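J.: Pasting a predicted model and its sequence here:
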Amino acid sequence: MAGEVDKSPSASWLRSVKLVAWSFLGIRSRAGYQDDLAKVNPMHVVAVGLVGALLLVLGLIGLASWVVGK
C-alpha cells in the first residue's frame, strides 16, 4: 500500500548506511535528516558509524603509507 514504511532489517541497514554516509559528507537537509532518524534503528546507526569511521581511518593510513613509500 502507498505510504507504508518497509520495516525489513535490510531496509533499516541500508537506510542507516545512507544516513551515516550523508552525515560524513555533511550535506543533508534537516527535513531529510529528521525523516531518516524516524525510520532507523539507533543501534544500526552506531554500528554503521563505527565501521565507517574505521574504514576512513584505515583508508587514510593506507593513503599516507602509499604516498610516503613512493
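T.: Yep, that arrived. Computed from a predicted structure; not experimentally measured.

J.: buried sites along the top helix by length along the chain?
T.: Ranked by number of residues, the top helix in the chain under DSSP state H is helix 42-69. Buried positions in helix 42-69, judged by neighbour count with 16 or more other CB atoms under 10 Å: 44-45, 48-49. The C-beta positions use only the backbone N, C-alpha and C, and glycine is treated the same way.

J.: Next up, the contacts around the residue at minimal distance from the centre of the chain.
T.: Geometric centre of the chain, nearest residue: residue 20, 2.2 Å, by CA atoms, centre = their mean. With contact taken as CB atoms under 8 Å, 6 or more residues apart in numbering, residue 20 is in contact with 45, 48-49, 52.

J.: Just give me the closest of the residues you listed to residue 35.
T.: Set against residue 35, the nearest of these by CB to CB is residue 45 (13.9 Å).

J.: Give me the nearest residue to that closest one, chain neighbours excluded.
T.: Excluding its sequence neighbours, the residue lying closest to residue 45 (CB to CB, 6 or more residues apart in numbering) is residue 16, at 5.0 Å.

J.: Tell me the spacing between residue 69 and residue 63.
T.: Distance of residue 69 to residue 63, given as CB to CB, to the nearest Å: 11 Å.

J.: coming back round to it: what is the neighbour count of the residue nearest to residue 45?
T.: Here the number of neighbours of residue 16 (other CB atoms under 10 Å) works out to 22.

J.: residue contacts, it?
T.: Each residue near residue 16 by CB under 8 Å, 6+ apart is listed here: 40-41, 44-45, 47-48.

J.: what's the offset of the helix or strand hosting residue 17 from the middle of its chain?
T.: Using DSSP states H and E, residue 17 sits within helix 9-25. Its chain's C-alpha centre and that of helix 9-25 lie 4 Å apart, by CA atoms, centre = their mean, to the nearest Å.
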